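Peer 1: Build me a model:
(one chain, ligands or ions: 1)
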Amino acid sequence: MNNIYEATKLIGDTYSEQIKNQSPEVIKYLVHKLKHTFGVSYEIMNIFYAEKDLYSSFSDTEKELVELSGILHDLGRFYQHSDGHILDNHIFNHGKYAVDLLSKIERFNNPILLFAIESHNGLAINYDNPFYKQLSEQDKYTAMQIAKLLRDADKLENIKFFIYNGMPALVADNDKGTLSDSVKEALKNHKQVDYKIIQTKSDRVTNGLSWINDIYFDSTKKIIKDIGFIEKGIQVAKLYGATEQDCEFLKEVLVI
Ligand SMILES: [Fe+2]
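Peer 2: Have a look, this model is predicted:
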């Protein structure tokens, strides 16, 4: 049987099963995650084919792993709920959850694939990951590239969603306010802002904007630039409490 077909079927079946008799909150979340999954599957192949050197160095089996990582990366998201509510990322690691499930399915029990999926939702790629450490030097290169492609595709899909659907959904949980010092510090160092240090709505918007500091491929960078993500994001940060000075600071440090 075809691995791509089986992966798509696994996502479809899991979605259908998990959405049964659910609360409106969970249904909305699962529908969003299903759309996101297909969006990431599309973006990852676009980035991959745009990076010609990478594309030409991969075997057909490796190309299939790129596609599988896009389709399967958020399998854990479909389980991220309990009693009709969505579980917080602090208590439910959906990347790890997906890996635990996939490692029990023979066709998906591939250390390159599992490493890429486990690495997609942390603040940075963890090269101490046991799946990565067991690989040959050649496979380490492949695994690293797929992990990077997946992180780029995941962010790009989210960025497009925010551009086309508006950023306010991002900031629902925080109070309006100026940019916090700890957030500014992370940006000065061109780091991705850790969501744990977010205090205000403008911090939350800036956290999204700081994703640009964790983009690996030129073709992804170009799309993010062309789409006007940074400019639009700064406008939204202003709407949610960033001062004129904060916005000037953001313009200076957010460079892709
Ligand atoms: Fe994810």
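Peer 1: ok, the residue in the stretch 101-250 of the chain positioned nearest to the ion - how many residues close by?
Peer 2: In the stretch 101-250 of the chain, the residue that lies nearest the ion is N121 (4.6 Å; CB to the ion). In short, each C-beta sits where N, CA and C put it, glycine included. By other CB atoms under 10 Å, 19 other residues sit near N121.
Peer 1: Please name the residues that touch it.
Peer 2: 89, 93-95, 154 (CB atoms under 8 Å, 6 or more residues apart in numbering).
Peer 1: Local confidence estimate at V255?
Peer 2: pLDDT recorded at V255 is 92.
Peer 1: Assumed it was part of a helix.
Peer 2: No. Counting by DSSP: H, G, I helix; E, B strand; the rest coil, V255 falls outside a helix, being coil.
Peer 1: Can you tell me which of the contacts of N121 are buried?
Peer 2: Among the contacts of N121, those classed as buried by 16 or more other CB atoms under 10 Å are 93-95, 154.
Peer 1: And the residue minimising distance to the centre of the chain, how far from G208?
Peer 2: By CA atoms, centre = their mean, the mean C-alpha position of the chain lies nearest to D154, the distance being 3.5 Å. Distance from D154 to G208, counting by CB to CB, to the nearest Å: 13 Å.
Peer 1: if we can go back for a sec, can you redo the contacts of N121 as a markdown table with pLDDT and secondary structure?
Peer 2: Formatted as a markdown table, the contacts of N121 follow (pLDDT from 0 to 100; DSSP: H, G, I helix; E, B strand; the rest coil):
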| residue | pLDDT | secondary structure |
| --- | --- | --- |
| N89 | 90 | coil |
| N93 | 97 | coil |
| H94 | 98 | helix |
| G95 | 98 | helix |
| D154 | 98 | helix |
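Peer 1: among those residues, which are in reach of the ion?
Peer 2: When CB under 5 Å from the ion is applied, no member of these is adjacent to the ion.
Peer 1: rewinding a little: could you look up the SS state of the residue of the stretch 101-250 of the chain closest to the ion?
Peer 2: Per three-state DSSP, N121 ends up coil.
Peer 1: Quick one: residues contacting the nearest residue to L72 once chain neighbours are set aside.
Peer 2: Once flanking residues are discounted, L72 sits nearest to A7: 5.3 Å by CB to CB, 6 or more residues apart in numbering. The contact partners of A7, taken as CB under 8 Å, 6+ apart, are 68, 71-72, 108.
Peer 1: farthest pair in the residues you listed?
Peer 2: The distance between the two most remote of those (CB to CB) is 10.2 Å, for I71 and F108.
Peer 1: Helices along this protein, start to end?
Peer 2: 3-19, 24-50, 52-57, 60-72, 94-102, 111-118, 130-133, 137-165, 181-188, 201-209, 218-226, 229-239, 244-253 (DSSP state H).
Peer 1: Kindly present those as CSV, with separate columns for distance to D175.
Peer 2: As requested, those are arranged in CSV below (distance: least, CB to CB, whole Å):
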stretch, distance to D175
helix 3-19, 32
helix 24-50, 22
helix 52-57, 43
helix 60-72, 36
helix 94-102, 27
helix 111-118, 33
helix 130-133, 40
helix 137-165, 20
helix 181-188, 14
helix 201-209, 7
helix 218-226, 28
helix 229-239, 14
helix 244-253, 15
